[in-house]
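> Sequence plus the predicted model coming up.
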Amino acid sequence: MLVEIRPFSYREEMITRSWLLSSPLDPRTTMRFSLPGTSAALRLSPNGGTYALRTAGGPATVTVSLSAGAIEATAIGPGAVEAIDAVPRTIGLDDDPASFPVSTGPLRELHLRHTGLRLGSTGRVFDSLLPTVLGQRVTTDEAKRSYRELVAAVGEPAPGDAGLRLPPSPDAVAAMSYEDLHPFGVERARAGIVIEIARRARRLEEIVDMERAAAVQRLLAVRGIGEWTVGSILGPVWGDRDAIPRGDYHLPNLVSWMLAGEPRGTDDRMEELLEPFRPYRRRAMILLKLSGAHAPRYGPRSPKSVISRG
């Protein structure tokens, strides 16, 4: 690992590190599933991406890219040290795709096609919990729009010249009311949950150091957080490589269609079909999403190959 530190400005520094790779890694795809996206806090590029974050030492902006068999990362801002230290976890350097238990079928094809996918995690609860709660009971496009507009309005400019904005801070969101959130397309029920998780942010951040069962219990103790929300954030936050969300509108149908040729599925059927891939069901779920496939909207039809469905 190469390390270079040089002053940038008062209370800011720029840090650059690189990690040699012994196996494929696709930082763009990995960060797509470990970082909250669709906002001014993240910009993906063909070989990586740039993202803004808050750390204990202050805000930072991190750029990650793949170059000549190595991952190179640069962090700038008061929180640069903490931000650069978190890069290996964010891009899943400790994840081993070769351990995925698959030998035949559509998932084998997808796994071979996406050998660079790593299961990364951030350890930052509120940053992922906020857009996830915004995604409750609305379409994906509506949730993305709400989060994108909230980041633009509430997040401060991030360090450096990348033009990013920081994710909204818990303090800023906790000070908002339903009337403040309504212009972002957030109705009263979700607004109440958003404000509550912001007020409890300090306690919720502690789950990254807890055992899984205790982490789940603390999350579920917040009114408005259920199985879907917990299953959606345990992977990208806590690092659970087996986490899948129950209660998703599309995922059971996608899993049932891709793995069994059944156009409709339930949560129980989804878990039954994903059981052979435990304890890496999160990878199976992401690979199925990367296929670009969709269960047929009307009635059954003969299953096709994964290539044609993708």
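Everything's here; your move.
> ok, what's across the strand from Leu42?
Tyr51 (DSSP bridges).
> Only the C-alpha atoms, please, for the helix or strand containing Met14, written as PDB.
For Met14, the host element (DSSP states H and E) is strand 12-20. Provided in PDB are the C-alpha atoms of strand 12-20 (Å, rounded to 0.1, in the frame of the first residue of the first chain):
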ATOM      1  CA  GLU A  12      -7.800  20.300   5.200                       C
ATOM      2  CA  GLU A  13      -5.400  17.800   3.700                       C
ATOM      3  CA  MET A  14      -5.300  15.600   0.700                       C
ATOM      4  CA  ILE A  15      -4.500  11.900   1.200                       C
ATOM      5  CA  THR A  16      -3.800   9.400  -1.600                       C
ATOM      6  CA  ARG A  17      -3.500   5.600  -1.100                       C
ATOM      7  CA  SER A  18      -3.400   2.700  -3.500                       C
ATOM      8  CA  TRP A  19      -4.100  -1.000  -3.000                       C
ATOM      9  CA  LEU A  20      -2.700  -3.700  -5.400                       C
END
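> Tell me the helices and strands packed up against the next helix or strand after it.
Next helix or strand after strand 12-20 toward the C-terminus (DSSP H and E): helix 27-34. On a contact count with 3 or more C-beta pairs under 8 Å, 6 or more residues apart in numbering; DSSP states H and E, helix 27-34 meets strand 42-45, strand 48-55, strand 58-67. Glycine gets a C-beta too; all of them are placed from N, C-alpha and C.
> same thing but 6 Å
For helix 27-34, the helices and strands in contact under the criterion 3 or more C-beta pairs under 6 Å, 6 or more residues apart in numbering; DSSP states H and E are strand 48-55.
> by how many degrees do the strand it packs on and helix 27-34 diverge?
Interaxial angle of strand 48-55 relative to helix 27-34 (axes from the mean of the first three to the mean of the last three C-alpha atoms, to 10 degrees): 40 degrees.
> now strand 48-55 against strand 58-67, angle please.
Using the same axes, to 10 degrees: strand 48-55 against strand 58-67 is 160 degrees.
> check which helix or strand covers Ile225.
Per DSSP H and E, there is no helix or strand for Ile225.
> try Leu219
Secondary structure assignment for Leu219, by DSSP H and E: helix 212-220.
> Contacts for that helix next, please.
Helix 212-220 is contacted from outside by Ile207, Ile225, Val230, Trp238, using C-beta atoms under 6 Å, 6 or more residues apart in numbering.
> Save those as CSV, and put in neighbour count too.
Below are the contacts of helix 212-220 laid out as CSV (neighbours: other C-beta atoms under 10 Å):
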residue, neighbour count
Ile207, 22
Ile225, 22
Val230, 23
Trp238, 23
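> Kindly indicate which of these lies nearest Val194.
Within the contacts of helix 212-220, proximity to Val194 (C-beta to C-beta) peaks at Ile225, which comes in at 11.2 Å.
> for that closest one, what are its contacts?
For Ile225, the contacting residues are Leu219, by C-beta under 6 Å, 6+ apart.
> before we move on, the earlier item: columns secondary structure, pLDDT and distance to Ser256 on top of the contacts of helix 212-220, output as TSV?
Below are the contacts of helix 212-220 laid out as TSV (DSSP: H, G, I helix; E, B strand; the rest coil; pLDDT from 0 to 100; distance: C-beta to C-beta, whole Å):
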residue	secondary structure	pLDDT	distance to Ser256
Ile207	helix	98	31
Ile225	coil	98	26
Val230	helix	98	22
Trp238	helix	97	27
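> For Thr74, what are phi and psi?
The phi/psi pair for Thr74 (degrees, to the nearest 10) reads phi -130, psi 130.
> coming back round to it: mean confidence for the helix holding Leu219?
Averaging pLDDT along helix 212-220 yields 98.
> Over to stretch 285-294?
Across stretch 285-294, the average pLDDT comes to 96.
> same thing with stretch 21-41?
96.
> What's the local residue count around Ala174?
Using other C-beta atoms under 10 Å, Ala174 has 15 other residues around it.
> for Val208, same thing?
Per other C-beta under 10 Å, the neighbour tally for Val208 reads 15.
> Show me where the stretch 101-250 of the chain has its strands.
For the stretch 101-250 of the chain, applying DSSP state E, counting those that start in this stretch gives no strands.
> just to revisit the earlier point, how about the helix holding Leu219: buried residues?
Ala215, Val216, Arg218, Leu219 (16 or more other C-beta atoms under 10 Å).
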